[in-house]
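J.: I'll drop the sequence and a predicted model, then ask my questions.
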Amino acid sequence: MVINTTESLALASERQKGYLTKAFIAWNQELRHQTGQISDSLAKHESNSSLEQLWNWRAVLTEVAILSRFHLPNSFNGCVDQNCDWWLRATKLKSCNRFEITKYRNIHSCGAQHLTSHHPHASADVIAEYIQPNYLNGKGPSTKDIKNIVQADLGCKISYWKCWKSSEIAKAMIRGTPEHGYAVLDGYRHMLMTINEGSKTSLKLDDKGRFKYFFASYGAWIRGFVHMRKVLAVDGTFLRGRYDGVLLSAVAQDTENHVFPVAFCVVDKECDAAYEYFFEKLLDIVPDTSELCIISDRHPSIEKTLSKFYSEAYHGCCTRHLGENARKNFHCGAFLGHYYHATKAYRRDVFHDHFEQIRIINAEVADYLENVGFHKWSRAYFPGNRYDVLTSNIVESVNAMFKSIRRFLHIKSC
């Protein structure tokens, strides 16, 4: 019997090639003669005599071993039980990259002592190979789902830790690792600016050459902002994963209320230094003019750095954040109706009518809102033009869009 090797085995040693080839054929025959079962992976590739599509022999071989409930020795030329009669031997042909099986005994005499549900070959790497297709189009299965999949498909019980480790390996196969993403970030910047003409990017490293900040704005966003309302909503959202971090976003809106991204920046945390870097780079894209209005929550670093880089632009508070903060801090929600009417009022006399009702309901809330400044949250007193954008909901919508992928926001090279 002569069999072709695959291109994926080209870098493997000659000894490994022989072991993988002969073991695959042997276990294929074993399943046919003894159990009549064959795994989906084997059945899919069985019709191809050259097996050119089978890129990972060891993974498929191990899957078959798990299904058949027998253990494989490291050399794959005999059963794990030294007293068993199962045996296979193959030699590589000198004239070509093929192997010839010269001897094969296809009957196990080792009994059922190896037929256990806890299989030693069901390692995290093997399970990761098996469940890898489940991560191609989304989040993928949970650790509990992985345990059920392996139990149902392979009849093997694995621990919670092995399920979690398998999922991490499978996700790294599909999406790459965060470490690799940070390593190729400079190359990603180059390609982004080459393919997207007019884009602006900036990468900042610390004294030890480690990642600190990354700013990016596509050329289409920069050109498109000219036609947007001159209102920017700024906010940050936490990134999840091994290295955490915060994603800062600047988002605008067109005349039909469509959300339009302007810039993003990955930083370590929301602090003065991070926002200074963000607004410094944003200033190259969005000039500081009296026509510009920037809406955000009341993070102290935002207010501090805006006065430094956008001294002419007007800064407004998100009315939603301000109202919810007052409700939570003073444990009172009865004032919210008058509060939202006051924020939307065009005339100052109408504003003061509602504000007096807030003072009657809760004087502490009224003092809190007055200390913030009417010009920060009320339409009647705001000196600029907010274009009916009273909240930072447009940037919150972008954050919500990223909710399911914030865990793996890193670069993957193809």
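T.: Yep, it's here.

J.: wait, V365 sits on N325?
T.: No - using C-beta atoms under 8 Å, V365 is not in contact with N325; the gap is 10.4 Å. In this view, the C-beta of every residue, glycine as well, is placed from N, C-alpha and C.

J.: for those two, indicate the residue with more neighbours.
T.: Neighbour count, other C-beta atoms under 10 Å: between V365 and N325, V365 has more, with 21 against 16.

J.: three-state assignment of that one?
T.: Of the three states, V365 takes helix under DSSP: H, G, I helix; E, B strand; the rest coil.

J.: E303 against H315, yeah?
T.: Yes - assessed by C-beta under 8 Å, E303 is found in contact with H315 at 6.8 Å.

J.: of the two, who's got more company?
T.: Taking neighbours as other C-beta under 10 Å, E303 and H315 compare with H315 leading, 19 against 15.

J.: ok, the more buried one - contacts?
T.: Contacts for H315 (C-beta atoms under 8 Å, 6 or more residues apart in numbering) come out as C293, I294, I295, S296, E303, L306, K376.

J.: how about the strands of the stretch 301-414 of the chain, start to end?
T.: For the stretch 301-414 of the chain, the strands defined by DSSP state E, counting those that start in this stretch occupy 314-317.

J.: which residue ranges form the strands in this structure?
T.: Per DSSP state E, the chain carries strands over the ranges 2-4, 87-92, 98-105, 200-205, 211-217, 231-238, 246-253, 259-267, 293-296, 314-317.

J.: export these to a markdown table and tack on mean pLDDT and distance to G155?
T.: As requested, the strands of the chain are exported to a markdown table (pLDDT from 0 to 100; distance: least, C-beta to C-beta, whole Å):
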| stretch | mean pLDDT | distance to G155 |
| --- | --- | --- |
| strand 2-4 | 37 | 28 |
| strand 87-92 | 72 | 24 |
| strand 98-105 | 73 | 25 |
| strand 200-205 | 92 | 49 |
| strand 211-217 | 92 | 44 |
| strand 231-238 | 92 | 41 |
| strand 246-253 | 93 | 43 |
| strand 259-267 | 94 | 44 |
| strand 293-296 | 94 | 55 |
| strand 314-317 | 92 | 60 |
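
J.: now render these as CSV, adding distance to K162.
T.: Converted to CSV, these look like this (distance: least, C-beta to C-beta, whole Å):
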stretch, distance to K162
strand 2-4, 33
strand 87-92, 29
strand 98-105, 33
strand 200-205, 37
strand 211-217, 31
strand 231-238, 29
strand 246-253, 32
strand 259-267, 32
strand 293-296, 45
strand 314-317, 49
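
J.: for those, which one sits closest to D284?
T.: Among the strands of the chain, the nearest to D284 by C-beta to C-beta is strand 200-205 (6.2 Å).

J.: buried sites along the closest one?
T.: Across strand 200-205, burial judged by 16 or more other C-beta atoms under 10 Å covers K200, T201, S202, L203.

J.: hey, what's the last one bridged with?
T.: Which is L203. Counting by DSSP bridges, L203 is bridged to F214.

J.: hang on, isn't it packed against L185?
T.: Yes - with contacts counted by C-beta under 8 Å, L203 reaches L185, the gap being 6.2 Å.

J.: now do the shared contacts for those two.
T.: Counting by C-beta under 8 Å, 6+ apart, the contacts common to L203 and L185 are F211, F214.

J.: which ChimeraX command selects the buried ones in the contacts of H315?
T.: In ChimeraX syntax, the buried subset of the contacts of H315 is picked out as below (16+ other C-beta under 10 Å):
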select :293,294,295,296,306,376
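
J.: just the contacts of H315 now: which is nearest K92?
T.: Nearest to K92 among the contacts of H315 is S296, at 68.2 Å by C-beta to C-beta.

J.: any idea how far the closest one lies from N329?
T.: Applying C-beta to C-beta, to the nearest Å, the value for S296 to N329 is 19 Å.
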